[in-house]
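*Asks:* sequence and predicted structure below; questions after.
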Amino acid sequence: MLQLWHTLYITKPNTELHLDGQALRVVHGDGREDHIPLHLLNSIITFSYGPVSQNVMAACADKGIGLSFLSQTGRFRFRIQGKTQGNVLLRQRQYLLADSERLAVAAAILRGKISNEALLLARARRNHPEHGGKQMKTAEIALRNLAETMPGTMSAEQLRGIEGQAARIYFSVFPELILTDDVGLHFSGRNRRPPQDPCNALLSFAYTMLMYECLHAAESVGLDPYVGVLHSIRPGKPSLALDLMEEFRPVISERLVLHLINLRMISSQMFQTTDEEGVHLTDAGRKVFLEEWNRMRQREIQIAGIDGRVPLGLLPYLQAQCISRFLRGEVEKFLPITWR
């Protein structure tokens, strides 16, 4: 059974990371120190430009602890990767996957994403019937119909067409999901690279954090995170990680963004603008986000096919396992997670 360990986020500038036996020694800018046993960690994400010792990098590589370096605004810089996990035959099967099988997995991922978009709208409509209920009901029905009537066999062009159609329906009612009176956080359309307003900056940051979870999930079961089925394959693009996250965008990333906005945990004052990075979270805003992100990962839910409750943070790992089982021939098809 998979175990959900912790992700350590280093957010303060000039924070140093050193190895102390089997523990990580975190030296803060003011001289304070924290000691964290390495066996409790499955990944470290640092937004700091402080030094990281070679011993820390080596220990992370040996123990399979993901170590990623991001800019203060959340843009990827580089990462440390150790030995490849899993059986080389699994990756060989991944590389040689037939087009029909690849498109079948891509269709299942897309079906899961659209179903979860409808699920998010249904929950919002149930919790706030007075706010955009009729419009959201229409969008929810349209999304469910789209997911349920997807053909069994589709081309890549057809998949992209359905994905675009679902996105237009979903984001047309996304403004109705935002209940805050902070007008700076209102949503008027999706934009990115870089994001041009606080709501889009929050969405982009949430997608980035989810992508790193999915990248680590793919590597942990021995898959190549750069060889996907839905997203195009090109150098430096973690296509499979991007594929895995599609199913969870609505129910993890977007749901958390709405939680932060609607409970007024994040305000439009927690953002700043730069010429190159666009709009991004301040240190205070990033701290609030990461604290809630960790709480969200630990929250347990029920899903079909598994007895007991499962932490949300394990879902990408379960789906990475499902893809690996499909590639090994242990299951006939890859299926999206069904929420109870």
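*Replies:* Happy to help now that I have it.

*Asks:* list the residues that contact the residue sitting nearest the centre point of the chain.
*Replies:* The structure's the chain has its C-alpha centroid closest to residue 210; by CA atoms, centre = their mean the separation is 1.5 Å. The contact partners of residue 210, by CB atoms under 8 Å, 6 or more residues apart in numbering, come to 245, 248-249, 252-253, 316. Just so you know, the C-beta spots here come from the backbone N, C-alpha and C atoms, and that holds for glycine as well.

*Asks:* for residue 158, same thing?
*Replies:* Shown in contact with residue 158 (CB under 8 Å, 6+ apart): residue 151.

*Asks:* that one sits in which helix or strand?
*Replies:* Assessed by DSSP states H and E, residue 158 sits inside helix 156-173.

*Asks:* alpha carbons of whichever helix or strand comes after that helix, in PDB - could you do that?
*Replies:* Next in sequence after helix 156-173, counting helices and strands by DSSP H and E, comes helix 198-220. Output in PDB follows, covering the C-alpha atoms of helix 198-220 (Å, rounded to 0.1, in the frame of the first residue of the first chain):
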ATOM      1  CA  PRO A 198      -4.700  37.300  -9.100                       C
ATOM      2  CA  CYS A 199      -7.300  34.500  -9.800                       C
ATOM      3  CA  ASN A 200      -5.400  33.200 -12.800                       C
ATOM      4  CA  ALA A 201      -2.100  33.500 -10.800                       C
ATOM      5  CA  LEU A 202      -3.600  31.400  -8.100                       C
ATOM      6  CA  LEU A 203      -4.900  28.800 -10.600                       C
ATOM      7  CA  SER A 204      -1.500  28.600 -12.300                       C
ATOM      8  CA  PHE A 205       0.300  28.100  -9.000                       C
ATOM      9  CA  ALA A 206      -2.100  25.400  -8.000                       C
ATOM     10  CA  TYR A 207      -1.600  23.600 -11.300                       C
ATOM     11  CA  THR A 208       2.200  23.800 -10.800                       C
ATOM     12  CA  MET A 209       2.000  22.200  -7.400                       C
ATOM     13  CA  LEU A 210      -0.200  19.400  -8.700                       C
ATOM     14  CA  MET A 211       2.100  18.900 -11.700                       C
ATOM     15  CA  TYR A 212       5.000  18.200  -9.400                       C
ATOM     16  CA  GLU A 213       2.900  15.700  -7.400                       C
ATOM     17  CA  CYS A 214       2.100  13.900 -10.600                       C
ATOM     18  CA  LEU A 215       5.700  14.000 -11.900                       C
ATOM     19  CA  HIS A 216       6.900  12.400  -8.700                       C
ATOM     20  CA  ALA A 217       4.000   9.900  -8.800                       C
ATOM     21  CA  ALA A 218       5.000   8.800 -12.300                       C
ATOM     22  CA  GLU A 219       8.600   8.300 -11.400                       C
ATOM     23  CA  SER A 220       7.800   6.500  -8.200                       C
END
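
*Asks:* list the buried residues for helix 198-220?
*Replies:* Using 16 or more other CB atoms under 10 Å as the test for burial, helix 198-220 gives 198-220.

*Asks:* what secondary structure does residue 45 sit in?
*Replies:* At residue 45, secondary structure determined by DSSP: H, G, I helix; E, B strand; the rest coil is strand.

*Asks:* what's the top helix by length along the chain packed up against?
*Replies:* Using DSSP state H, we find that the single longest helix of the chain is helix 99-127. Judged by 3 or more CB pairs under 8 Å, 6 or more residues apart in numbering; DSSP states H and E, the packing partners of helix 99-127 are helix 133-148, helix 156-173, helix 239-246.

*Asks:* any idea which of the ones you listed gets closest to residue 185?
*Replies:* Residue 185 sits nearest to helix 156-173 of all the helices and strands packed on helix 99-127, at 15.7 Å, using CB to CB.

*Asks:* nearest spatial neighbour of residue 19, skipping sequence neighbours?
*Replies:* Excluding the flanking residues, the one nearest residue 19 by CB to CB, 6 or more residues apart in numbering is residue 55, at 3.9 Å.
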